[in-house]
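1. Structure of the sequence below:
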Amino acid sequence: MSVNNVTEKMSNYRWYICALLFVATTVNYLDRQVLSLTFDEFIKPEFHWDDNIYGNITGLFSFVYAICMLFAGRFVDWMGTRRGFLWAIGVWSGGACLHAFCGIATEAWVGMESAAELTAAVGDTAVIIATVSMYFFLAARCVLALGESGNFPAAIKVTAEYFPKKDRAFATSIFNAGASVGALAAPLTIPNLAKVYGWEMAFIIIGALGFVWMGFWVFMYSAPRNSRFVNQAEIDYIEQDHDESPSVGVADSEKKMPFWKCFSYRQTWAFAVGKFMTDGVWWFFLFWTPSYLTAQFGIKTSDSLGQWMIFTLYAITTALSIYGGKLPTIFMQRTGSNPYAARMRAMLIFAFFPLCVLFAQPLGSCFAESFGRNAAWVPILLISLGCAAHQSWSANIFSTVSDMFPKVAIASITGIGGMAGGFGSLILQKSAGKLFTHAEATQMQFLGFEGKPAGYFIIFCICAFAYLIGWAIIKSLVPKYKLIEL
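-> Numbering: from 1, shown residues only. The predicted model follows:
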């Protein structure tokens, strides 16, 4: 190394890459949110859907996402980060735009000429419209799930390439905050786009953002040692962990981990269980909170009150979750603990916060008599704390993979965990749709609540305890930090 390289000021290009991952994740979650924010007010009346149909669509998305995650990580490891990410966002952006043509396809299938005719249909014709449109949306949702399954495996792999272990959870929390920002921006943009231009254009405009991102990715990304924007000082900083174990050294590029072998490690199963127990909670609040506000408080997503509530929910989530990624670094600096021990300590703290969701329904109902629709602010604030805890948890559980596995296996392991999370979400989404439909039809009672509010309270109870159960299982599977060596 030259004297100039020793004394030169370190470039900080890794944070530009982190910003690019943040934008990709933001677009990812914007694309997911278009359906949930147009469902109740625009799509449901046009196609005669009920909560069970919506549950089928969100559930199948979770199922396809889960299956694809198993292979997406392997695909990114095989294709390489640069091309793998391009394929992922290209496919999911195309899938997002496909949703816009589901109405046209339904009209052609049932022999109608306009959305007004679809909306006016009754009886058996309405049932046919609901069924046919559901299958068209399912097809578009499958394409979206296929592409979106590549985002996190690729992003976690990039983080491992560009950041040392001590910074990975913080970097992950930053790009993972894109999920919250996407969900935050969605209620301020999507309902208004749907109201002014139609729900179809909302899908197309939001979907097109991914194609814009692809241009920036092609120009900005290459591996650190191949990047003209990264100097030797920054490379040395990024590679500072290489001396602690041969499993994380340069030799990684010459070794491969057989896919079947990924399943032989307790660390893989611990990560998968953590994702299975908690991903569905995040997706439930992402997909069902707008509908919850409508069903419980009569607040529509196109109402300014509804938009500000969703905005506030994810603003709080974003602000608090970024600090959550920094907490393990603080523990490491103050106690000298290893990355895994610091992350598990932080995750235990985060696991207690979702318990506040238990009070969302009781307090919301209690204040409704005095404050009417404004009482919804209480559950929104409590749910926001649970969502912030999830994002903090998520940033850290993702980082446990890069802490313990060699870089050549990171995307594959992330994909396996993502598959488990997708299946957990599938179970929760499908169960929620059926439960809400049943609760409304039978006026089911649960702990003082009746009808659909009783159904929501049951799901909130499940969400509240999922993290503590998940943490206990992870800790039992991997009690101590252990590097995987090839």
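2. From residue 358, how far off is the closest residue to residue 388 other than its chain neighbours?
-> Among residues not flanking residue 388 along the chain, residue 320 sits closest, at 3.7 Å (Cβ to Cβ, 6 or more residues apart in numbering). Heads up, the C-betas are built off the backbone N, CA and C, glycines and all. Separation of residue 320 from residue 358 (Cβ to Cβ, to the nearest Å) stands at 19 Å.
3. before we move on, what about residue 59?
-> Counting by Cβ to Cβ, the gap between residue 59 and residue 358 amounts to 24 Å.
4. Give me the residues contacting stretch 380-387.
-> With contacts defined as Cβ atoms under 8 Å, 6 or more residues apart in numbering, stretch 380-387 is touched by 180, 281-282, 285, 289, 293, 309-310, 312-314, 316-317, 320, 353-354, 356-357, 359-360, 363, 463-464.
5. Between residue 59 and residue 358, which is the more surrounded one?
-> The neighbour count for residue 59 versus residue 358, taken as other Cβ atoms under 10 Å, is higher for residue 59 (24 against 17).
6. Show the contacting residues for that one.
-> 426, 429, 430, 433.
7. Wait, the last one touches residue 60, no?
-> No - shown here, residue 433 and residue 60 do not form a contact pair, counting by Cβ atoms under 8 Å, at 10.9 Å.
8. Distance from the one helix or strand residue 142 maps to to the middle of the chain?
-> Using DSSP states H and E, residue 142 falls within helix 123-148. Its chain's C-alpha centre and that of helix 123-148 lie 22 Å apart, by Cα atoms, centre = their mean, to the nearest Å.
9. Identify each buried residue in it, please.
-> Counting neighbours by 16 or more other Cβ atoms under 10 Å, one finds that the buried residues in helix 123-148 are 125, 129-130, 132-134, 136-148.
10. Quick check: end-to-end length of stretch 37-46?
-> 14 Å (Cα to Cα, to the nearest Å).
11. for that stretch, which positions count as buried?
-> So for stretch 37-46, counting by 16+ other Cβ under 10 Å, buried means 37, 38, 39, 40, 41, 42, 43, 44, 46.
12. Now flag whichever of these is closest to residue 160.
-> The shortest approach to residue 160 among the buried residues of stretch 37-46 belongs to residue 37, at 33.6 Å (Cβ to Cβ).
13. re earlier: select only the buried ones of the contacts of stretch 380-387 in PyMOL?
-> A single PyMOL command is used to select the members of the contacts of stretch 380-387 judged buried by 16+ other Cβ under 10 Å:
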select buried, resi 180+281+282+285+289+293+309+310+312+313+314+316+317+320+353+354+356+357+360+363+463+464
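14. check contacts around residue 311.
-> By Cβ under 8 Å, 6+ apart, the residues touching residue 311 are 184, 187, 188.
15. residues in contact with the second one?
-> Put plainly, it is residue 187. So residue 187 contacts 33, 37, 290, 301, 306, 307, 309, 310, 311 (Cβ under 8 Å, 6+ apart).
16. Flag every buried residue along the strand or helix carrying the fifth one.
-> The one in question is residue 306. Per DSSP H and E: residue 306 is located in helix 304-335. Across helix 304-335, burial judged by 16+ other Cβ under 10 Å covers 306-307, 309-318, 320-322, 324-329, 331-332.
17. Residue 433 and residue 60: which is more packed in?
-> residue 433 (23 against 20).
18. For the residue nearest the centre of the chain, give its distance to residue 25.
-> The centre of the chain sits closest to residue 179, judged by Cα atoms, centre = their mean, with a distance of 5.9 Å. For residue 179, the distance to residue 25 (Cβ to Cβ) stands at 6 Å.
19. Over to residue 84?
-> 16 Å.
20. Quick check: which ranges of the stretch 351-486 of the chain have low pLDDT?
-> Where the stretch 351-486 of the chain drops to pLDDT under 70, the residues are 486.
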